[in-house]
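Trainee: based on what follows, work out the 3D shape:
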Amino acid sequence: MGKILLCIKQNAVYILLAAYSLAGLLTIILFDGTGDDGDSIAHYFFARYAPAHPQLYLNHWAKPLFVVISSPFAQFGFIGMKVFNLCVSILTFYITFLTARLIGIRNPLAVVVFLIFTPLYYVLTFSGLTEPLFALFLIGSIYLATQKAMLPAAILVSFMPFVRSEGLIIILVFGLYFIVIKQWKYLPWLILGHIVFAVAGFFVYHDFLWVFNKIPYASLTQKYGSGPLLHFVYQLNYVIGVPLYLLLLAGFWSYPWRLIKRKATLLPEEYFLVVGGFFAFIFAHSIFWYFGVFNSMGLKRVLLGVLPLICLMALRGFNLLTEELPAGHKHVRIIAGSLLILYVIIFPFTRNPAAINWKKDMSLTGEQKLAKGVAAFIKENPGAPGSRLLYFYPYLSETLKVDHFDSLRRVDLSIKGLSDLYPDDRIIWDNWFALAEAHVTLEMLAKTPGLVREIDFTSKTDGREVRFVIFRKE
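Mentor: Predicted coordinates:
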């Protein structure tokens with residue numbers, strides 16, 4: 001019995017990751033959700049259809065490196081994207097565990113529990129979004145730096161802007177880190193990713209500076225509005241949940257506590273890359289949203305990109321509350337630690353607004369379900385050969401089984417496109433994307449000569465109306 005318990009203890013992290021893998025696969029089988037029905041689907045389409053349209057591998061919005069890495073998985077459909085992000089998550093958890101152990105933070109296995117039971121991260125693992133891969137690159141680069149593998153760390157960081165644009169923030173953090181530790185020779189390597197993709201993209205854009213000129217977020221206009229300066233501080237609770245939020249706050253206090261009370265020293269990788277990286281990320285996004293610049297939408301999910309850093313700091317808080325404050329009280333430490341871990345595990349299953357709503361969060365949205373009815377109508381009433389479909393709602397391409405980038409079959413709905421319609425073209429208008437992105441109203445369509453209104457699809461979801469209206473060009 002003793003040998004069995006010892007074996008379990010020595011392999012606890014692998015057992016935990018195996019259990020998570022099984023839970024993830026069951027989630028993929030039992031739930032049909034896509035994380036969201038906008039960016040998640042769009043990223044999937046870029047990865048799915050890149051082999052048929054190679055220029056998609058170098059689309060700045062889609063993030064070239066993300067497309068390259070995820071494309072093989074996307075060939076198996078959206079389930080392939082879910083499997084991809086599940087694999088990415090498993091690697092992220094393991095490397096975060098290794099980093100915690102390498103930095104010297106006690107109870108490193110707890111950081112895996114924190115990551116697994118972060119509510120929003122679990123939901124968006126089963127999506128086509130880029131945040132999980134960004135988190136993997138981030139913790140991977142910090143792990144390498146902690147291992148003193150500075151060159152591989154710098155190279156990995158240099159490619160992060162091509163997973164998510166916030167990689168530019170991390171490049172600056174690592175640049176400062178290299179300067180402080182006087183490793184100047186690694187600074188030039190931080191631009192390697194830009195050089196590689198500048199050369200690759202030249203054959204598509206005929207511009208070596210496309211990596212800067214094509215950045216989709218380089219705008220100082222308030223396209224999506226703005227909000228409070230502390231927006232992301234408040235929203236973080238709805239990303240990681242109440243128990244981890246409290247542990248994170250304790251983690252912030254643990255650093256001055258260790259320096260003052262324990263006279264402990266911290267590795268520069270922890271206070272520059274972990275703590276500094278987190279605050280740089282939060283600060284940048286807070287400023288962007290406050291001023292409404294760089295196309296910021298104030299989306300809380302962006303914080304998942306630094307989740308490994310959050311959980312490492314939360315682990316410091318966990319140790320402060322369970323080991324350092326109740327020092328010398330063994331039973332108190334054991335009870336406190338057990339209760340905190342139990343709270344983290346149970347929280348995603350509670351009715352708290354920050355927990356997982358399993359029916360809503362893990363299933364198709366009302367729009368997606370209604371889009372299936374739209375697709376069924378189109379399939380039963382196909383247009384003439386050569387006719388096109390014009391719409392902006394991304395998920396329709398999945399329900400219609402249409403190559404999202406085949407301009408001979410499908411075109412983005414736009415005001416300009418209304419003046420260039422072919423006979424038997426169909427317009428599928430929706431009451432969100434068509435308005436917010438294409439800026440096309442029903443009134444515009446009603447006034448467009450030769451358009452016949454065929455059918456309306458409506459439903460109620462979360463207290464609001466979801467609507468699709470199909471028009472046909474005579």
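
Trainee: and the next element down the chain from the longest helix along the chain?
Mentor: Secondary structure of the chain per DSSP state H: the longest helix is helix 78-103. As assigned by DSSP states H and E, the chain's next helix or strand after helix 78-103 is helix 109-116.

Trainee: same question for that following helix, mean pLDDT?
Mentor: Averaging pLDDT along helix 109-116 gives 97.

Trainee: same for it, what does it pack against?
Mentor: Where contact means 3 or more Cβ pairs under 8 Å, 6 or more residues apart in numbering; DSSP states H and E, helix 109-116 is packed against helix 12-30, helix 78-103, helix 307-319, helix 330-346. C-beta: built from backbone N, CA, C; applies to glycine.

Trainee: residues of that helix that come out buried?
Mentor: By neighbour count with 16 or more other Cβ atoms under 10 Å, helix 109-116 contains the buried residues Ala110, Val111, Val112, Val113, Phe114, Leu115, Ile116.

Trainee: pLDDT-wise, which helix or strand of the chain ranks last?
Mentor: helix 2-10 (a mean of 70; mean pLDDT, DSSP states H and E).

Trainee: rank the helices and strands packed on helix 109-116 by pLDDT, which is bottom?
Mentor: For those, the weakest mean pLDDT is recorded on helix 330-346, namely a mean of 90.

Trainee: helices and strands around that one, which ones?
Mentor: helix 109-116, helix 242-260.

Trainee: now the angle from the shortest one to helix 242-260?
Mentor: Inter-element angle recorded for helix 109-116 and helix 242-260: 140 degrees (by axes from the mean of the first three to the mean of the last three Cα atoms, to 10 degrees).

Trainee: just how off-centre is helix 109-116 within its chain?
Mentor: Here helix 109-116 is found 19 Å from its chain centre; the criterion is Cα atoms, centre = their mean, to the nearest Å.

Trainee: the last one too?
Mentor: Taking Cα atoms, centre = their mean, the mean C-alpha location of helix 242-260 is offset from the chain mean by 25 Å.

Trainee: give the next helix or strand downstream of it.
Mentor: Downstream of helix 242-260, the first helix or strand assigned by DSSP H and E is helix 268.

Trainee: next: the first one.
Mentor: Using DSSP H and E, the next helix or strand after helix 109-116 towards the C-terminus is helix 119-125.

Trainee: kindly export the helix or strand following that following helix (C-alpha atoms) in PDB.
Mentor: Toward the C-terminus, helix 119-125 is succeeded by helix 131-146 as the next helix or strand (DSSP H and E). Extracted C-alpha coordinates of helix 131-146, given in PDB (Å, rounded to 0.1, in the frame of the first residue of the first chain):
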ATOM      1  CA  GLU A 131      -5.700  32.900 -25.900                       C
ATOM      2  CA  PRO A 132      -4.700  29.400 -24.900                       C
ATOM      3  CA  LEU A 133      -1.800  29.200 -27.400                       C
ATOM      4  CA  PHE A 134      -0.600  32.700 -26.300                       C
ATOM      5  CA  ALA A 135      -0.600  31.500 -22.700                       C
ATOM      6  CA  LEU A 136       1.500  28.400 -23.700                       C
ATOM      7  CA  PHE A 137       4.000  30.600 -25.500                       C
ATOM      8  CA  LEU A 138       4.200  33.000 -22.500                       C
ATOM      9  CA  ILE A 139       4.800  30.400 -19.800                       C
ATOM     10  CA  GLY A 140       7.100  28.400 -22.200                       C
ATOM     11  CA  SER A 141       9.300  31.500 -22.600                       C
ATOM     12  CA  ILE A 142       9.400  32.200 -18.900                       C
ATOM     13  CA  TYR A 143      10.300  28.500 -18.200                       C
ATOM     14  CA  LEU A 144      13.200  28.700 -20.600                       C
ATOM     15  CA  ALA A 145      14.400  32.000 -19.100                       C
ATOM     16  CA  THR A 146      14.200  30.500 -15.600                       C
END
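
Trainee: what angle sits between helix 131-146 and helix 109-116?
Mentor: On the basis of the same axes, to 10 degrees, helix 131-146 is oriented at 160 degrees to helix 109-116.
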